[in-house]
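1. Quick one: sequence and predicted model below, then my questions.
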Amino acid sequence: MLFKFSPLTSSPSGREALLRGLALSFLGATFFVLPFSTALSQIFSWLALATLLFLVRIEKALTILRSRTFTLTLLLWLYLMLSAFWSTGANYEICEAILKYRKLLLAMLMVHLFLEINDSPIYLVKAFMASVMLCASFSILSYSGVFQWVFGSPNYENGWALFYQGKPMFTVGGPENPVFGRNHITQGVFMSVALSYSIESIIKNKRVDKFSSSHILIFLPPILLATAILTLQGRTGYLLLTLVIIFSGWRLFASTGRNGKIFIILLICMVFMVSPARRNFERILIAKDDAISFFKHGGTEGSQGQRLNFWSSGLSIFMTSPVFGSGVGSYSAEYVKENKRSLKDDPKEGQAHSDFVMIAVQGGAVGLLFYTLLLVSTWTALSRSRAPEMKLPFSLLIVGSSFNSLLWDSAEGLLISLIFAIASVGEVNKKI
């Protein structure tokens, strides 16, 4: 179920029951639209945040502090908010950063809500999964030419506009960029997370111990997601897919009988045969050339050269204020000062394309310590919880956050906040 109302631990008043129902609905809607719409996910997440604030009870919140993950989330959020007082960023940049990191506040409020109703936020992952499967289907349909066969030639920026009235509400990219709603990097991350979750769920439920032909259906989601990732032609997706194959794929392979192993090998061969293999290798070689150019000549051309420049500049900025950082929202101002150029030259310079660099610049060693401890605590809590299948998806997000600012991002950051909440709820109540 995408929108779920669970038994309450106590009999709430009519007003409180209504607010809980609204909050659950807004959260379900947030994570369902997250894979394909920035605007809708932001609207629903703000509505959820506003509703959850009315449900906070201080005495209950204090008991949640026994969750180490919750406490570290709180410390990181409070520290980043406090750093606004010494931030070197412009006022609008500070405000933007505060709004970006509201996702940490949302995570804490979700913990409060789900402990109140004695349930786990894991059902929100299922809402997310359903939507990712829809996006994957659209990617494959576009790449395979089915969209063009059904709808004719592309009618909007080499793709197809859906619900078009002056400006399209949703778009599906053409075969060269078959994304639904979002860019190939974000959808590559989302599909890789969904792929790892689907495989880990199969392993957790031991659904392949005795493989039979009736089990073919359980492999359809992983097949669909892996194929879609390859059609997106994004390096982030390729890297995360490789990690999924190494860590989850091998465990799945080892858990099946002989017939299951033969079937999995055939599926993997089929997936790679339908993928744009030549284009995949071309993009990997371009990334390699960008990196070599940066280290040999200081070149910042290409996405990898730019990233390396962002990170090296971030390290230099960090060294100017290594303990407490330059304050929340300060990265773009400090980057411009460090490189003596205008931010208008490239809007991408507004963030470091790495959460570790972003936190280090804004919060210094203190902020980086809180952030690192939060990641470790979350991973440990997931390992001990009733949702260990979330451990690898979270690991992929940690890897992705090293070369993309996922927590800072409006999309991936919401997914990370959900995992923080799942880990915290599991620490407080071992039964959910």
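-> It's in. Nothing here was measured: the structure is a model prediction, and the numbers come from that model. Residues are numbered from 1 along each chain as shown.
2. shaky segments in the chain?
-> Low-confidence segments of the chain, defined by pLDDT under 70: 1-12, 163-166, 206-216, 255-264, 266-305, 340-350.
3. what about 50?
-> 1-9, 278, 347 (pLDDT under 50).
4. Buried residues in the helix or strand that contains L392, which are they?
-> Following DSSP states H and E, one finds L392 within helix 391-403. For helix 391-403, the neighbour count (16 or more other Cβ atoms under 10 Å) marks 391-401, 403 as buried. From N, CA and C alone the C-beta is placed, and that goes for glycine too.
5. again, but for stretch 162-182
-> In stretch 162-182, counting by 16+ other Cβ under 10 Å, buried: 168, 171-175, 177-182.
6. would you list those in TSV and tack on distance to A136 and secondary structure?
-> Converted to TSV, those look like this (distance: Cβ to Cβ, whole Å; DSSP: H, G, I helix; E, B strand; the rest coil):
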residue	distance to A136	secondary structure
P168	20	strand
T171	16	strand
V172	12	strand
G173	13	strand
G174	17	coil
P175	15	coil
N177	15	coil
P178	10	coil
V179	11	coil
F180	9	strand
G181	12	coil
R182	12	coil
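7. Of those, which is the nearest to R102?
-> Within the buried residues of stretch 162-182, distances to R102 taken as Cβ to Cβ reach their minimum at R182, with 20.3 Å.
8. quick one: that closest one from F138, how far?
-> 11 Å (Cβ to Cβ, to the nearest Å).
9. ranges for the strands of this structure?
-> Taking DSSP state E as the criterion, the chain carries its strands at 159-165, 167-173.
10. quick one: the lengthiest helix in the chain to helix 391-403, angle?
-> In the chain, taking DSSP state H as the definition, the longest helix is helix 355-384. Interaxial angle, helix 355-384 versus helix 391-403 (axes from the mean of the first three to the mean of the last three Cα atoms, to 10 degrees): 170 degrees.
11. Buried ones in helix 355-384, by neighbour count?
-> In helix 355-384, counting by 16+ other Cβ under 10 Å, buried: 355-364, 366-371, 373-375, 377-379, 381-382.
12. quick revisit: which one of the buried residues of helix 391-403 sits closest to I422?
-> F394 (8.9 Å).
13. ok, now how distant is the closest one from S144?
-> In terms of Cβ to Cβ, F394 sits 32 Å off from S144.
14. Make JSON lines out of the buried residues of stretch 162-182 and add distance to L19.
-> Supplementary listing: these in JSON lines, determined by distance: Cβ to Cβ, whole Å:
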{"residue": "P168", "distance to L19": "34"}
{"residue": "T171", "distance to L19": "35"}
{"residue": "V172", "distance to L19": "37"}
{"residue": "G173", "distance to L19": "39"}
{"residue": "G174", "distance to L19": "44"}
{"residue": "P175", "distance to L19": "46"}
{"residue": "N177", "distance to L19": "41"}
{"residue": "P178", "distance to L19": "40"}
{"residue": "V179", "distance to L19": "36"}
{"residue": "F180", "distance to L19": "33"}
{"residue": "G181", "distance to L19": "30"}
{"residue": "R182", "distance to L19": "31"}
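15. Taking the residues you listed, tell me the two that lie furthest apart.
-> P168 and P175 (18.3 Å).
16. Look at the residue nearest to E16 when sequence neighbours are not counted and say how many residues are nearby.
-> The spatial neighbour of E16 that comes closest, neighbours along the chain excluded (Cβ to Cβ, 6 or more residues apart in numbering), is L55 at 6.8 Å. Around L55 sit 18 other residues, with neighbours defined as other Cβ atoms under 10 Å.
17. hang on, isn't L55 packed against L19?
-> Yes. At 5.4 Å, L55 and L19 qualify as touching, with contact defined as Cβ atoms under 8 Å.
18. what ranges do the helices span in the stretch 151-300 of the chain?
-> 184-204, 220-232, 235-244, 250-254, 258-273, 277-297 (DSSP state H, counting those that start in this stretch).
19. Please work out the angle formed by the directions of the third one and helix 184-204.
-> Angle of helix 235-244 versus helix 184-204, following the same axes, to 10 degrees, is 10 degrees.
20. Please state the offset of helix 235-244 from the chain centre?
-> Centroid separation for helix 235-244 versus its chain: 14 Å, with Cα atoms, centre = their mean, to the nearest Å.
21. which helices and strands does that helix pack with?
-> Other elements packing on helix 235-244 under the criterion 3 or more Cβ pairs under 8 Å, 6 or more residues apart in numbering; DSSP states H and E are helix 184-204, helix 220-232, helix 277-297, helix 391-403.
22. Just give me the neighbour total for G14.
-> 7.
23. What of T320?
-> Neighbourhood size, T320 [other Cβ under 10 Å]: 13.
24. How about N118?
-> For N118, using other Cβ under 10 Å, the count is 15.
25. so it touches N429, yeah?
-> Yes. Assessed by Cβ under 8 Å, N118 is found in contact with N429 at 7.2 Å.
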